[in-house]
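# no sequence for this one, just the structure:
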């Protein structure tokens, strides 16, 4: 008969931020989440289980970290700020916590990730999309629950013909389904930011929407097209494709890049290969 894991006794989220005694550093994109109701709601939506290993990126003084620990998670916290790392190790002394100092964009992920790991993170604003793309192609991760500025979050979930639709919308859909599940008001953070944040749930697809051997070409097409998104796609992609290839892929050459969905770019890549 299994017993309920003994959970650590931890200070409150707001107490952690007060004890840390430093303002969020704009240069690191920090924004400290302290509202206990929002924190509990976030962890509930992330659907973590006692004993589950969770990767947190940009833990700061540990308000989300301590909430995950309080729910019985094994937490691997990656933080670039040395002062925050020292504070976390001192204030959140729990067997379930591993704190790694470093930039996730440069760390060896093979030494951090494990099969079935979930990512739950209040991402630093200034590196949020780069962190997503650093993690999104890792098969060990089946689900990510990430917080972005609202405008960035909407790009992940937007559809063709909308003003937010672009490379984030297309490239994230190769392997993931994305959904905005919660908006976080400025008052949930200390100090209060000027922007609203949104939590996005990413669920990995069983089968990617683009074959692996064609993915690099699709990514090149998307990024090239959106460098000149105001132009018609035959002009935006003029250096890579010709009119005949567009027509064979079923793409109206007069469309703009934001009018073409992922399936269209995938058909175009297939036509180019053939």
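Nice, thanks for sending it over. What you are looking at is a predicted structure, and each value in this text was computed from that prediction instead of being measured. Residues are numbered from 1 along each chain as shown.
# need the longest helix for this structure.
The residue-count maximum for a helix in the chain (DSSP state H) belongs to helix 212-225.
# which other residues reach it?
Identification of contacts with helix 212-225 by CB atoms under 8 Å, 6 or more residues apart in numbering yields 167, 170-171, 174, 208, 210, 233, 236-237, 239-241, 257, 260, 262, 265-266, 268-270, 272-273. The C-beta positions use only the backbone N, C-alpha and C, and glycine is treated the same way.
# residue 78 against residue 105, yeah?
No. In this structure residue 78 lies outside contact range of residue 105 using CB atoms under 8 Å: 10.2 Å.
# between those two, which one's more packed in?
Higher neighbour count among residue 78 and residue 105: residue 78, with 22 against 12, using other CB atoms under 10 Å.
# now that one, what's its secondary structure?
The three-state label given to residue 78 by DSSP: H, G, I helix; E, B strand; the rest coil is strand.
# which residues touch it?
Contacts for residue 78 (CB under 8 Å, 6+ apart) come out as 55, 56, 57, 58, 59, 100, 102, 104, 107, 112.
# ok, now how distant is the residue lying closest to the second one once chain neighbours are set aside from residue 157?
The spatial neighbour of residue 56 that comes closest, neighbours along the chain excluded (CB to CB, 6 or more residues apart in numbering), is residue 77 at 4.7 Å. Between residue 77 and residue 157 the computed distance is 27 Å (CB to CB, to the nearest Å).
# who has more neighbours, those two?
Ranked by neighbour count (other CB under 10 Å), residue 77 and residue 157 place residue 77 first, with 27 against 19.
# hang on, isn't the more buried one packed against residue 63?
No. With contact defined as CB under 8 Å, residue 77 does not count as touching residue 63 (11.5 Å).
# show me where this protein dips below the pLDDT cut-off.
1-9, 24, 26-30 (pLDDT under 70).
# show me where it has strands.
Taking DSSP state E as the test, the strands found in the chain are 32-33, 53-57, 74-79, 97-101, 118-122, 143-149, 176-184, 189-190, 197-204.
# quick one, the fifth one and strand 176-184 angle?
Right, strand 118-122. Relative orientation of strand 118-122 and strand 176-184, computed by axes from the mean of the first three to the mean of the last three CA atoms, to 10 degrees: 40 degrees.
# show me what strand 118-122 is in contact with.
The contact list for strand 118-122 (CB under 8 Å, 6+ apart) reads 31, 33, 42-43, 46, 48, 52-58, 60, 64, 68, 131, 135, 141-147, 197.
# buried ones among these?
The neighbour count (16 or more other CB atoms under 10 Å) marks 31, 33, 42-43, 46, 48, 52-58, 60, 64, 68, 131, 135, 141, 143-147, 197 as buried among the contacts of strand 118-122.
# what's the distance between residue 171 and residue 223?
Applying CB to CB to residue 171 and residue 223 gives a distance of 8 Å.
# domain ranges for the chain?
The record assigns the chain these domain ranges, following automatic domain parsing: 13-204, 212-273.
# so who does the closest residue to residue 157 other than its chain neighbours touch?
With CB to CB, 6+ apart as the criterion, residue 157 has its nearest non-adjacent residue at 5.1 Å, and that residue is residue 178. Shown in contact with residue 178 (CB under 8 Å, 6+ apart): 156, 157, 172, 200, 201, 202.
# redo that, cut-off 6 Å
Residue 178 makes contact with 156, 157, 172, 200, 202, according to CB atoms under 6 Å, 6 or more residues apart in numbering.
# so which residue is dead centre in this structure?
With distances taken as CA atoms, centre = their mean, the chain has residue 132 as the residue nearest its mean C-alpha position (3.9 Å).
# any idea how far residue 103 is from that one?
Taken as CB to CB, the span from residue 132 to residue 103 is 15 Å.
# what do you get for residue 197?
The gap separating residue 197 from residue 103 is 21 Å, by CB to CB.
# check residue 142 too.
Per CB to CB, residue 142 is found 24 Å from residue 103.
# try residue 252
In this view, residue 252 and residue 103 are 43 Å apart by CB to CB.
# cool, and residue 15?
From residue 15 across to residue 103, the span is 28 Å (CB to CB).
# over to residue 210?
Going from residue 210 to residue 103 by CB to CB gives 29 Å.
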